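Peer 1: Here's my sequence, what's the structure:
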Amino acid sequence: MKDLFKLILAGVILVFVACENDDVLKHDPNETKNNIDLEYLDINANELSDIDIKDELRTSTGLAIIDRMLIYKEHQVRITNKSAEQLNISKSAFEFGVRTIRSMKEMGYNKEILPFKRLKSANNESNDQNKKVDCFAYALSALSNTRRGKIEKVIKDNVTYDYDTYGIKLADCMAFLTYFVDGFALRPYQLSGYNDEDLMGAVIIGNGHAANFYKRMDEIVLCTDSQGGGIWYIEINNIDLAYVKNEKKD
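Peer 2: Sure, this is the predicted structure:
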């Protein structure tokens with residue numbers, strides 16, 4: 001009888017421990033995604049210049065590295081505490097990711113443009129009124145596969161203000177988006193109804209800047225910036241407009 005009792009007790013303890021461990025694996029909020037089964041990524045980035053870094057970010061490999069390394073916490077983009085080996089990427093690729101994430105900026109950080117509700121270069125920190133500002137044309141060109149020069153000409157021919165100096169008014173963006181791209185507009189709260197693949201390349205406008213959708217992450221959207229290069233981010237609540245291209249499938 002005693003032996004039977006010991007067996008039953010051991011079984012109960014075993015079941016309890018197994019369930020407890022399983023629960024931790026499923027619900028630990030600090031557990032980051034597991035990359036063990038993902039493809040090994042490598043970039044020859046030992047001595048890359050800033051221009052080379054931007055070129056790499058236009059490749060699927062460069063973006064995939066950032067995807068594995070980037071986390072967003074307490075309103076800041078941060079680098080994961082996982083090692084290159086844990087992420088299944090090379091040391092060179094890891095250094096590329098560190099350098100890129102550390103230089104990553106928020107869309108429209110030049111807040112002085114916001115009261116005018118115009119879109120202009122977020123890279124233009126100076127007050128140089130002679131510098132051309134056309135982030136919207138860059139983003140629309142990337143979405144529509146239309147030459148940027150053609151987009152700029154159409155805008156200039158149809159607005160009455162000095163586009164070259166001040167950029168485009170937010171209120172005018174929708175007209176040119178629909179002119180060049182068969183698509184539809186989304187409000188920030190509607191983005192959750194679509195997966196990242198459906199939104200890829202969408203023109204994201206907010207904080208006085210425009211770029212192209214790459215990935216949604218918690219409270220932010222990551223964007224590729226065709227004008228300045230690199231990856232930018234914006235909090236979803238700060239998005240004024242997202243314009244998505246209709247993909248016609250056979």
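
Peer 1: hey, let's count contacts and neighbours off CA atoms from now on
Peer 2: Fine.

Peer 1: Can you name the helix or strand that the residue nearest to residue 163 when sequence neighbours are not counted falls in?
Peer 2: Closest residue to residue 163 in three dimensions, ignoring its sequence neighbours and counting by Cα to Cα, 6 or more residues apart in numbering: residue 156, at 6.4 Å. Under the criterion of DSSP states H and E, residue 156 resides in helix 148-158.

Peer 1: Give the other helices and strands that that helix contacts.
Peer 2: Contacts defined by 3 or more Cα pairs under 8 Å, 6 or more residues apart in numbering; DSSP states H and E place helix 148-158 against helix 135-144.

Peer 1: Now do the helix it packs on, average pLDDT.
Peer 2: Summarised as a single mean, pLDDT over helix 135-144 is 94.

Peer 1: so how far is it from its chain's centroid?
Peer 2: 16 Å (Cα atoms, centre = their mean, to the nearest Å).

Peer 1: and it with helix 148-158, angle?
Peer 2: Per axes from the mean of the first three to the mean of the last three Cα atoms, to 10 degrees, the angle that helix 135-144 makes with helix 148-158 is 120 degrees.

Peer 1: Show the average pLDDT along the helix holding residue 156.
Peer 2: Regarding helix 148-158, the rounded mean pLDDT is 95.

Peer 1: Which positions within the helix or strand following that helix qualify as buried?
Peer 2: As assigned by DSSP H and E, the chain's next helix or strand after helix 148-158 is helix 163-166. For helix 163-166, burial by neighbour count (16 or more other Cα atoms under 10 Å) applies to 163-164, 166.

Peer 1: which ones are touching residue 223?
Peer 2: Each residue near residue 223 by Cα atoms under 8 Å, 6 or more residues apart in numbering is listed here: 204, 211-215, 231-233.

Peer 1: Next, check the residues you listed against the strands and list the overlap.
Peer 2: 204, 211-215, 231-233 (DSSP state E).
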